[in-house]
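[1] next come a sequence and a model predicted from it.
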Amino acid sequence: MGCFLPRIRGAFRRGRAGDRVGRGYLAPKKLVRKFAGRLIEDRIGIAGEYARLAWRRRRSSPGAGKIRAISFTQLTIRWEFDMLNDDSKENDDAPNGAESDSNAGLGENEPPLHLAAEKGDIESVKTLLEAGADPNAISGKGCVPLHYAACEGHIAVARALLEAGADPNVKDESQSVSLHFAAEGGQVDMVEALLQAGADPNSASNDGTTSLHDAAREGYTEVIDALLKAGADPNARAIDLMTPLHFAAQDGHIAAINALVTGGADPKAKDDEGLTPSHIAAEKGLADTIDVLTNLGAYPVRIDDESFTLHRAVQEGDVDSVDALLEAGSDPNAKSHDDSAPLHTAAEEGEVDVIDALIKAGANLKAKDKDGYSPLHVATSTAEFPAMKALLEAGADPNARDDNGRASLHVAAYAGHFFVIGILLEAGADPNAKDNYGQTPLHTAAHEGNFVIVRELIEAGADPNAKDESRGVTPLHSATIEGHAEVIAKLLDAGADPNSMDDSGLMPLHFASHEGYAEAVDLLVKAGANPNARVLDWMTPLHFAARQGQVDTIGVLVKAGADPNVANDQELTPLHLAFQENQSEVIEALCSAGADMTVLTDDGSVPLH
């Protein structure tokens, strides 16, 4: 929540993260068209006007592959009353000796100074300040008076507040400062006044945008010049790595583009999807903007480039346009900036008709993007059932690997899409497929604690004792490390070896004891795990539990037959380790279990030492 009404400035992300193993996509299919809010009249006659926020479709806003809220230039809330007169009337009826509070909240939790600042009532503002009103008081909406004045462009009020000590860098709940509001509203005098008062031109809101982003988005050249002169970073990055130049390019603000590039903006800057300002302009069909950017040093981009146009049509799910472009000779396998083919995009969007049209035109089912994802990987990560079925029916390989050797089954297991596991298995996906690290989908599902997927994979023949090639861990190790008791029980029931050792000699019981997963410890020892098993340094599960202060785990281990007097390779018993770590409860538990207080170490010391 920002000032006045929600100041929605961020973008819903749609993209792959990290190494993209089943990270999935945020894939809303339809637009959220409108968000409207209204302030209801309160007892002193405050009325609010409508503020509308519209959502734009993917790639209709600055930034490829995102859904971004359209910014509104100003939030105009008109207060329909004379604040001082009403306040005076109420105070006339106050009991003798009663004090009026110049910071007391009136309607909507807004103090009088905030209301006067919003209204632009300079005389009331001065009166309230002289009466001791705090210029930095935060209202119930998380705003200070200067936010209101900056948003409304009341320069005289802003100067009075600043002279009274208002801090120009106070942030509202969206981390926006007064400079954001002034820049977004094109209030150049306000911007200059705030900058002269010490406003930070590079202060970023919670979506990473600065005031320069706001001015660029609206095309306010004078504001851009003022901000750049004050030291605003022309290449500041929002959370999606968008620069102010991306914002200016989106609506073809050519004067703003020239001002930004003159101020040092990089016309070749790429956002987190590899798109430059020229790409943004091309998506909007802004030929003049592209020409300007190209002349300023940007990479050349052609609107009439068939591959670019085809990707746009696929993205929009416009099957008629896709058919027309394909019939006109567009390459169904043309790669975009991230090496994705149109079929990848159609799979992500779940557009079955488009998928069918592309395949009919010769789209390559084995095409790989920059991460080695096939269209089936993409459809699996978004859990697009119809798209998956269309691809599989057309011959997509369910065992195709990405650059990390991961099949679609790995992707589904990581993302927790248990409902697509069956589709892949039915199509012939190998439940024991290993990636480049030797991990199977069962390793992944066990680590994530997804019982349903673990069960489906085991029923399909997944090996519960498969070891990866990097550390030698089994799915049981993976589940135990995270303490997923239900999954542990299922793996043990399927024949997982409770005494299997990884490359360091560690068994699942060592991990469970170290982390204090008492339920997991109980399951393992009941399944036959050795409670006195030693690793390379002769540490037993009880040593791990004692050192970490896992009292409950110690009780389970001792009950299962763990020896409290076994020493490690340094002749230290669990009791020694408990004393070293000042684990008083563990010491008591071990002594109750029969730990010997007189056992000597190599240097002749006993636990008490």
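    Received the coordinates, thanks.
[2] how about G428, what does it touch?
    P398, N399 (Cβ atoms under 8 Å, 6 or more residues apart in numbering). Placement of C-beta: from N, CA and C, glycine included.
[3] V411 belongs to a strand?
    No. Read with DSSP: H, G, I helix; E, B strand; the rest coil, V411 is helix and lies in no strand.
[4] in this structure it contacts H377, no?
    Yes. The pair V411 and H377 qualifies as a contact (Cβ atoms under 8 Å) at a distance of 5.7 Å.
[5] what helices or strands is the one helix or strand A249 maps to leaning on?
    Taking DSSP states H and E as the criterion, A249 maps to helix 244-250. Secondary-structure packing of helix 244-250 (3 or more Cβ pairs under 8 Å, 6 or more residues apart in numbering; DSSP states H and E): helix 211-218, helix 254-262, helix 277-283.
[6] try it again with 10 Å
    Counting contacts by 3 or more Cβ pairs under 10 Å, 6 or more residues apart in numbering; DSSP states H and E, helix 244-250 packs against helix 211-218, helix 221-229, helix 254-262, helix 277-283, helix 287-295.
[7] next one: the third one to chain centre, how far?
    The one in question is helix 254-262. Relative to its chain's centre, helix 254-262 lies at 31 Å (Cα atoms, centre = their mean, to the nearest Å).
[8] again with the shortest one
    Relative to the centre of its chain, helix 277-283 is centred 25 Å away, using Cα atoms, centre = their mean.
[9] excluding its backbone neighbours, what's nearest L476?
    The shortest distance from L476 to any non-neighbouring residue, by Cβ to Cβ, 6 or more residues apart in numbering, is to A496 (4.2 Å).
[10] also A512?
    A520 (4.1 Å).
[11] and the helix or strand that contains the one you found, what's its mean pLDDT?
    Per DSSP H and E: A520 is located in helix 518-526. Throughout helix 518-526, pLDDT has a mean value of 97.
[12] hmm, R406 is touching P441, no?
    Yes. Using Cβ atoms under 10 Å, R406 is in contact with P441, at 8.9 Å.
[13] now the common contact residues for those two.
    Counting by Cβ atoms under 10 Å, 6 or more residues apart in numbering, the contacts common to R406 and P441 are G22, A413, Y414, A433, K434, D435.
[14] what is the nearest of those to D371?
    Nearest to D371 among the shared contacts of R406 and P441 is G22, at 12.3 Å by Cβ to Cβ.
[15] just the pLDDT at that closest one, thanks.
    Note for G22: predicted pLDDT of 28.
[16] also D435?
    96.
[17] could you report the neighbour count for it?
    20 (other Cβ atoms under 10 Å).
[18] for H514, see how far away the residue nearest to A512 is.
    Distance from A520 to H514, counting by Cβ to Cβ, to the nearest Å: 11 Å.
[19] which of those two has more neighbours?
    Remark: of A520 and H514, A520 carries more neighbours, 29 against 20, as counted by other Cβ under 10 Å.
[20] list the contacts for that one?
    So A520 contacts 476, 479-485, 487-489, 508-509, 511-513, 529, 553, 556 (Cβ under 10 Å, 6+ apart).
[21] what's the spacing between H417 and L392?
    Distance from H417 to L392, by Cβ to Cβ: 15 Å.
[22] give me the below-cutoff pLDDT ranges for this structure.
    Across the chain, the ranges flagged by pLDDT under 70 are 1-109, 285, 301-307, 599-609.
[23] what about the strands in it?
    Remark: strands assigned in the chain by DSSP state E are 11-13, 34-37, 51-54, 66-68.
[24] for A166, give me its contacts.
    So A166 contacts 117, 129, 134-137, 144-147, 149, 157-160, 178, 194, 197 (Cβ under 10 Å, 6+ apart).
[25] and for E469?
    Shown in contact with E469 (Cβ under 10 Å, 6+ apart): K434, D435, N436, Y437, G438, Q439, D503.
[26] rerun at 8 Å
    K434, Y437, G438.
[27] ditto for G422
    E456.
[28] now do the contacts for V586.
    V586 makes contacts with A545, A546, G549, Q550, V551, I554, P574, A578, as judged by Cβ under 8 Å, 6+ apart.
[29] go through these and name the one nearest V452.
    In terms of Cβ to Cβ, no member of these lies closer to V452 than Q550, at 29.5 Å.
[30] that closest one contacts S513, doesn't it?
    Yes. Counting by Cβ under 8 Å, Q550 touches S513, with 6.6 Å between them.
[31] one step back: out of the contacts of E469, who's nearest D225?
    Distances from D225 to the contacts of E469, taken as Cβ to Cβ, are shortest for Y437 (53.2 Å).
[32] out of the contacts of E469, which end up buried?
    The neighbour count (16 or more other Cβ atoms under 10 Å) marks K434, G438 as buried among the contacts of E469.
[33] pick the one among the contacts of E469 closest to I280.
    Y437 (37.7 Å).
[34] report the contact partners of the closest one.
    Contacts of Y437 by Cβ under 8 Å, 6+ apart are N404, G405, D468, E469, S470.
[35] how about a cut-off of 6 Å?
    Y437 is in contact with D468, S470, counting by Cβ atoms under 6 Å, 6 or more residues apart in numbering.
[36] can you start the count at 534 instead of 1 from here on
    Taking 534 as the first residue, the last one we looked at is Y970.
[37] distance of it from H910?
    Applying Cβ to Cβ, the value for Y970 to H910 is 17 Å.
[38] same thing with N1063?
    From N1063 to H910 the distance is 41 Å (Cβ to Cβ).
[39] buried residues in the helix holding A1053, which are they?
    Buried residues in helix 1051-1059, counted by 16+ other Cβ under 10 Å: A1051, E1052, A1053, V1054, D1055, L1056, L1057, V1058.
[40] dump the contacts of E1002 to CSV, plus distance to D853.
    Output for the contacts of E1002, formatted as CSV (distance: Cβ to Cβ, whole Å):
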residue, distance to D853
K967, 44
Y970, 45
G971, 47
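[41] alright, that wraps it up for me.
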